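Peer 1: Sequence first, predicted model second:
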Amino acid sequence: MRKFSLLAGIAVLLLPFGLLAEDHEEAPGSLTDVWLMVPKKGMETEFETAVKAHMAFRAEAEDSRNWLAFMPVIGHNLSVYQFRACCFEWADQDAYNAENQEKGLGANYNENVWQYVDHAHHYIEYMDWENSHWPDGESDGPYFGVTAWKMKPNQGSGPREARLKLSQMALENGWGDADNQWLWHWRIGGPNELRIVSAFDNYAEMAPPEQSFFEFITEHMGSEEEASALFDQFGSGFAGSDYTVWVHREDLSTPASEE
């Protein structure tokens, strides 16, 4: 893919995105709250109507978190809705749970939205800002490509070391310019997966670059054999991958402040 192709045959970026790091002058928190929801069949319209009302309620209640909604436009499951709130640390979750109870945020969801939900999943995602290139305010989508790798058990340190080396080579040698942005993250809860996300203004930006990332790494390592070995070291930690393109649904997100 255009933004950050780590393996010659794998499209590389799940999040958030310039939207994720929005309004942060300092390094943002490392965690994102993530909900995935699938509406009951035939009740998608009712679900969306209820979500809009619920998000308006959150805004009126001055929810301290800004919830962003996304839907897949390319992938194997197009019926899922994703809601994300970034960025915080573990201790902040305790305070938010108390806020949730005090303001009745969850109660409003249970009363008005849950009746239209077939099933839902809840995750926390960890953002590796240090080894990513995601400048604040520069990636607003509205499209986000996400590659998820299924991690093998007992993989050792090799794949992680290769990921860090590839990332630092990209950062140090100019791959991370304004048009090449990537964010590493992985989910806490559910299957053990590593993810990377890239933002696109439109479908045209999804076209492959003139120079692939493998070619870029080969150029700076000076040897195709060394580059191939590094990519193989990274890929040895995974059993497979999945690629999805999400679009930001502003109409289902927390309404923007009028201030």
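Peer 2: Looks like it came in fine.
Peer 1: just checking, next helix/strand downstream of the longest strand along the chain?
Peer 2: Counting by DSSP state E, the longest strand found in the chain is strand 117-133. Scanning forward in sequence from strand 117-133, with DSSP states H and E defining helices and strands, the next element found is strand 143-151.
Peer 1: Which other helices and strands does that next one contact?
Peer 2: In terms of contacts (3 or more Cβ pairs under 8 Å, 6 or more residues apart in numbering; DSSP states H and E), strand 143-151 is packed against strand 193-200, strand 238-248. Using the backbone N, CA and C atoms, a C-beta is placed for each residue, glycine as well.
Peer 1: Pull the distance from the last one to the chain's centre.
Peer 2: The reference is to strand 238-248. Centroid separation between strand 238-248 and its chain, computed with Cα atoms, centre = their mean, to the nearest Å, is 10 Å.
Peer 1: Can you tell me the element residue 52 falls in?
Peer 2: Under DSSP H and E, the secondary-structure element containing residue 52 is helix 44-60.
Peer 1: Give me the buried stretch members for that helix, please.
Peer 2: Buried residues in helix 44-60, defined by neighbour count with 16 or more other Cβ atoms under 10 Å: 47-48, 50-52, 54-55, 57-59.
Peer 1: Just the closest of the residues you listed to residue 109, please.
Peer 2: If you rank the buried residues of helix 44-60 by distance to residue 109 using Cβ to Cβ, residue 54 comes first, at 5.7 Å.
Peer 1: coming back round to it: let me have the helices and strands packed on strand 143-151 in a markdown table, extended by distance to residue 128, mean pLDDT and mean neighbour count.
Peer 2: Formatted as a markdown table, the entries for the helices and strands packed on strand 143-151 read as follows, by distance: least, Cβ to Cβ, whole Å; pLDDT from 0 to 100; neighbours: other Cβ atoms under 10 Å:
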| stretch | distance to residue 128 | mean pLDDT | mean neighbour count |
| --- | --- | --- | --- |
| strand 193-200 | 9 | 93 | 24 |
| strand 238-248 | 16 | 95 | 18 |
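Peer 1: I'd like to know which of the ones you listed is closest to residue 107.
Peer 2: Evaluated over these, closeness to residue 107 peaks at strand 238-248, with 27.1 Å, by Cβ to Cβ.
Peer 1: still on that earlier bit, which residues does the helix holding residue 52 contact?
Peer 2: The set of residues that contact helix 44-60 without belonging to it, under Cβ atoms under 8 Å, 6 or more residues apart in numbering, is 37, 39-40, 67, 69, 79, 81, 105, 108-109, 112-113, 115-117, 251-255, 257.
Peer 1: Can I have the buried ones of the residues you listed as a PyMOL selection?
Peer 2: The buried residues among those can be selected in PyMOL (16+ other Cβ under 10 Å) with this line:
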select buried, resi 37+39+67+69+81+105+109+113+116+117+252+253+254
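Peer 1: In strands, which of the contacts of helix 44-60 fall?
Peer 2: For the contacts of helix 44-60, membership in strands holds for 37, 39, 69, 81, 117, with DSSP E as the criterion.
Peer 1: Tell me which residues touch residue 72, please.
Peer 2: Going by Cβ under 8 Å, 6+ apart, residue 72 touches 78, 80, 244-247.
Peer 1: could you redo the helices and strands packed on strand 143-151 as TSV and give each row distance to residue 92?
Peer 2: Formatted as TSV, the entries for those read as follows, by distance: least, Cβ to Cβ, whole Å:
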stretch	distance to residue 92
strand 193-200	22
strand 238-248	24
